[in-house]
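[1] generate a structure from the sequence data that follows.
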Amino acid sequence: MKKMKTADYTAKKILLLLLLAVFLVSNIAGALSPAYASTTEQSTSENQETGTDQDEPGQNQDESDQNQEDNPGVTEFNSLAEAAILIEASTGKVLYEKNADQPLPPASITKIMTLLLAFEALERGDVKWDDMVTISELAWRVEGSRMFLEVGKKVPLGDIITGISVVSANDGCVAVAEHLNGSVEAFVQQMNKRAKELGLTNTQFQNPHGLSAEGHYMSARDIANLAKVLITNHPKILEIESMTEFTFNDIYQKNRNPLLGVYPGADGLKTGWTEEAGYCLVGTALRNGMRLISVVLRTKDEAERLAASRELLDYGFQNHEFVEVVKKDEILGEANVKNGKELTVPVKANESVKVVIHKDKKDEVKIDLSLEKDILPAPVEANTQVGKAEIRLGDELLAATTVSTNQAVEKAGFFEILWRGIVDFFRSLFKVTKNN
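    Numbers count the residues shown, from 1 in each chain. All right, here's what the predicted structure looks like:
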């Protein structure tokens, strides 16, 4: 009799457990629709409550303003030039600017576009470095700085490009224009077309050399961006621009760039002068893996031009550095996984990221992880792109990279999912009871 009661009790107990299991299974779909661990939910909730990795524009802006007050050296000087700009070459980040969008006569700085079109033609195979260029009377007659080309002579294209780069040869610019496009007029049309393609909104050309002409102008920002394209896409230009002298037709001339041999790391790029433009210079220098490009327009003489250029470059190198803020394959966070054997998967950067930043602000850089989905459904494959990481300084976006899963996550089995549901169910009951 006692055994029968025990058996009945056991049967009832089993039946009760089965009924409980059925009840849980019937409700488990809703409970598991966000099927990741309650610990993950708690972590997310805590992040929202504490503001971890969340932008607070007002606070960040206030902090930025305060930092500028604490570090007045960020923009403490007024460039000697009428218009000026300083950028980092690989990112284009502006480190200093003054009247940077004011259209002004660029003088021989115009030749940066002439050189860019020549290098792009070489890259396409339209012309070759050793092409023989026949010198026209128009090229021979052009005024200003020259490499002393002679009418009817045939000169290698490479020599002419070198003459333009080193001694700012106006006659060489006309010769290149005619060789590439048949006439100066056609070449100038190509110059303006390329300027539009590059987004140079305050630029218009009337000739390939920069002698004064109505409607011929560039802004400091456009010049810096154009120089960036030339240096980045055709680094060979710096080998030529850094030559300190050039001899052609037995005529010896020195490079007109006052930074060469004077400013450490300087290897380019272009000087300019006309009465209308004043003394202008695009300078570039490389130090500790960081290349800067400076532009000064309308200085009063050669000494002021050099001083203004050095001032900009000094400011850039003394106050900024190129910092690797993210390494390739570095784990930046994790993503939640639904119904996976693991409830989260590490997320890694797909490439390294370097940014230019003021030395006093390195500790303020933040990495914000932005995932395409809040929850990844299992199974999850390794190296699956799932979003991006944004590198920010306050409200400013410095750089970004895509992110991917660092490993695979298999889908959990039915009973494992069921067990998680039971655990979460009782955990939630316990939490409600505790709160009450």
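[2] what number of residues are in the vicinity of residue 189?
    Residues lying near residue 189 (other Cβ atoms under 10 Å) number 13. Heads up, the C-betas are built off the backbone N, CA and C, glycines and all.
[3] for it, what are its contacts?
    Contact analysis of residue 189 by Cβ atoms under 8 Å, 6 or more residues apart in numbering lists residue 181.
[4] how close does it get to residue 261?
    38 Å (Cβ to Cβ, to the nearest Å).
[5] from start to finish, how long is stretch 340-360 in a straight line?
    This stretch, stretch 340-360, spans 44 Å end to end (Cα to Cα, to the nearest Å).
[6] next one: stretch 240-247
    13 Å.
[7] residue 264 and residue 296, how far apart?
    When distance is defined by Cβ to Cβ, residue 264 is 18 Å away from residue 296.
[8] neighbour count: the two, which is higher?
    residue 296 (31 against 11).
[9] and the more buried one, what pLDDT?
    In this prediction, residue 296 carries a pLDDT score of 98.
[10] in terms of secondary structure, what does the strand or helix carrying it contact?
    Using DSSP states H and E, residue 296 sits in strand 290-299. Applying 3 or more Cβ pairs under 8 Å, 6 or more residues apart in numbering; DSSP states H and E, one finds that strand 290-299 contacts strand 83-88, helix 220-233, strand 278-287, helix 302-319, strand 320-326.
[11] avg pLDDT for the third one?
    Translated: strand 278-287. On average, strand 278-287 scores 98.
[12] that strand: partners in the sheet, and parallel or antiparallel?
    Looking at strand 278-287 with DSSP bridges, its partner strands are strand 266-274 (antiparallel), strand 290-299 (antiparallel).
[13] the inter-axis angle of the shortest one versus helix 220-233?
    On the basis of axes from the mean of the first three to the mean of the last three Cα atoms, to 10 degrees, strand 266-274 is oriented at 140 degrees to helix 220-233.
[14] who's in contact with strand 266-274?
    If you take Cβ under 8 Å, 6+ apart as the criterion, strand 266-274 is touched by 105-112, 168, 210-212, 227, 230-231, 237-238, 241-242, 256-260, 279-286, 293, 305, 313.
[15] where does residue 335 fall, phi/psi-wise?
    Torsion angles at residue 335 (phi, psi; degrees, to the nearest 10) stand at phi -120, psi 140.
[16] end-to-end on stretch 258-274?
    Terminal residues of stretch 258-274 lie 17 Å apart, using Cα to Cα.
[17] I'd like the average pLDDT over that stretch.
    For stretch 258-274, mean pLDDT rounds to 96.
[18] please apply the same query to stretch 207-216.
    Averaging pLDDT along stretch 207-216 gives 97.
[19] and stretch 122-131, by the same measure?
    Here stretch 122-131 scores 97 as its mean pLDDT.
[20] flag every buried residue along that stretch.
    The neighbour-count check on stretch 122-131 (16 or more other Cβ atoms under 10 Å) flags 122, 127, 131 as buried.
[21] do the same with stretch 319-327
    319, 320, 321, 322, 323, 325, 326.
[22] do the same with stretch 174-184
    So, applying 16+ other Cβ under 10 Å, buried residues of stretch 174-184: 174, 175, 176, 177, 178, 179, 180, 181, 184.
[23] cool, and stretch 214-230?
    For stretch 214-230, by 16+ other Cβ under 10 Å, it's 216-230.
[24] re the thing from before, can you redo the strands paired with strand 278-287 as a markdown table with distance to residue 88?
    Below are the strands paired with strand 278-287 laid out as a markdown table (distance: least, Cβ to Cβ, whole Å):
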| stretch | distance to residue 88 |
| --- | --- |
| strand 266-274 | 15 |
| strand 290-299 | 6 |
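[25] out of the ones you listed, which one sits most buried?
    Most buried of these, by mean neighbour count (mean count of other Cβ atoms under 10 Å): strand 290-299, with a mean of 27.
[26] ok so, going back, out of the buried residues of stretch 319-327, which is nearest to residue 91?
    The nearest member of the buried residues of stretch 319-327 to residue 91, counting by Cβ to Cβ, is residue 322 at 8.8 Å.
[27] for the residue nearest to the closest one when sequence neighbours are not counted, give its distance to residue 182.
    By the measure of Cβ to Cβ, 6 or more residues apart in numbering, the closest residue to residue 322 outside its immediate chain neighbours is residue 290, 4.2 Å from it. Here residue 290 is placed at a distance of 41 Å from residue 182 (Cβ to Cβ).
[28] same question for residue 253.
    To residue 182, residue 253 is 29 Å away according to Cβ to Cβ.
[29] again, but for residue 85
    Where residue 182 is concerned, residue 85 sits at a distance of 35 Å (Cβ to Cβ).
[30] check residue 221 too.
    Taking Cβ to Cβ, one finds residue 221 at 32 Å from residue 182.
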